[in-house]
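**Q** Build me a model:
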Amino acid sequence: MTRTGWIAAVVSTVIALIVGFGTGWWAQRAATASPEPATAAQRPHPDDVEDRPETGFEAVVVSLDETHDFGDGLTIHLSGFERGVEQSGIDPVSGQEGDLPYLSWTVEVANEGDETVPTGLVTRSCSVGDPLRESGSPVLGDSVNPPDSLDPGQSGSWDEDCWADEGDTQIRYTVEFHDQDFVPLYPPVTFAGTVD
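**A** Below is the predicted model of the structure:
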C-alpha cells in the first residue's frame with residue numbers, strides 16, 4: 001500500500017468512527033432525554049386511566065326502615081314518609097307539568113362515635129315504581145341541606161322528596177358522601193322497599 005493509500009484508509013476509518021460515535025451519542029441522548037411535559041390536551045383524563053386507584057367501596061342496600069352504620073360511628077336512617085301534591089309542579093325527568101304527586105321523607109344522620117365524622121358533599125338519587133324509573137326531586141322541604149360534619153354525639157337531618165304517583169309504592173333512594181375532591185368518604189347506601 002502506498003503512503004497516500006495508507007493515509008486515505010486511516011482518514012476513512014477515523015471519519016467512520018467519528019460518524020458512528022456521533023450517531024450513537026445522539027441516539028442515546030434522545031433516548032434518555034426528559035420528555036417535554038404533556039399539555040393539558042395530551043394528558044389522559046382521570047376517567048381514561050385504567051390503573052387509577054379504586055375506592056374499594058361496594059354499594060350497600062338496606063330496607064327503608066333500617067338504620068345503617070357506616071362503621072366509624074356515623075349512622076343514617078329514613079323516617080316520616082308522606083305523600084303530597086305540588087300545585088304547578090314541573091318534573092324535568094318526565095317532562096310532566098301541573099299538579100304533581102310526590103313522596104317526601106326525612107334523612108337522619110348521627111355520630112355515635114368518639115371523633116368528628118365528615119359528611120362532606122352529599123349526592124342523592126331516587127327511583128320509584130314497578131318497574132323502577134328514575135324520578136326527579138321537587139325539593140319542597142324546609143331544610144334540604146345535609147350537615148358538613150358531625151361532632152361526637154351530634155345528629156342532623158334534612159328533608160328529601162321525589163315525584164311519585166299514588167300507585168308508585170316501590171322506592172329506591174341512594175345517598176353518597178364525598179369530600180371536596182369528590183372522592184367517596186363511605187360506601188354508597190341505598191334504601192329500598194315499599195311505601196303506602
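**Q** Find the residue ranges of this structure scoring beneath the pLDDT cut-off.
**A** 1-56 (pLDDT under 70).
**Q** ok, longest strand in it?
**A** Assignment by DSSP state E gives strand 74-90 as the longest strand of the chain.
**Q** Which secondary structure elements does it sit against?
**A** The contact analysis (3 or more Cβ pairs under 8 Å, 6 or more residues apart in numbering; DSSP states H and E) places strand 74-90 against strand 68-69, strand 97-111. All C-beta spots, glycine's among them, are computed from the backbone N, C-alpha and C.
**Q** in its sheet, what does it sit against?
**A** Using DSSP bridges, the strands paired with strand 74-90 are strand 68-69 (antiparallel), strand 97-111 (antiparallel).
**Q** So residue 184 sits against residue 175, correct?
**A** No. At 11.3 Å, residue 184 does not count as touching residue 175 under the criterion of Cβ atoms under 8 Å.
**Q** Among these two, which residue is more densely surrounded?
**A** For residue 184 versus residue 175, neighbours defined as other Cβ atoms under 10 Å are more numerous around residue 175 (21 against 15).
**Q** gap between the more buried one and residue 97?
**A** With distances taken as Cβ to Cβ, to the nearest Å, residue 175 is found 28 Å from residue 97.
**Q** One more: residue 77?
**A** From residue 77 across to residue 97, the span is 34 Å (Cβ to Cβ).
**Q** Looking at these two, which one has more neighbours?
**A** Of the pair residue 77 and residue 97, residue 77 is the one with more neighbours under other Cβ under 10 Å, namely 19 against 11.
**Q** who's in contact with residue 124?
**A** 137, 160, 173, 174, 175, 176 (Cβ atoms under 8 Å, 6 or more residues apart in numbering).
**Q** for the fourth one, what are its contacts?
**A** This means residue 174. Here residue 174 is in contact with 59, 124, 125, 126, 188, 189, 190, 191 (Cβ under 8 Å, 6+ apart).
**Q** Farthest pair within the residues you listed?
**A** Largest separation among the contacts of residue 174 by Cβ to Cβ: 59 and 126, giving 15.1 Å.
**Q** the more surrounded of the two?
**A** Comparing residue 59 with residue 126 by other Cβ under 10 Å, the one with more neighbours is residue 126, at 21 against 10.
**Q** on that earlier part again, Throw the strands paired with strand 74-90 into a markdown table and include distance to residue 195, thanks.
**A** Below are the strands paired with strand 74-90 laid out as a markdown table (distance: least, Cβ to Cβ, whole Å):
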| stretch | distance to residue 195 |
| --- | --- |
| strand 68-69 | 18 |
| strand 97-111 | 6 |
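**Q** Perfect, I'm done here.
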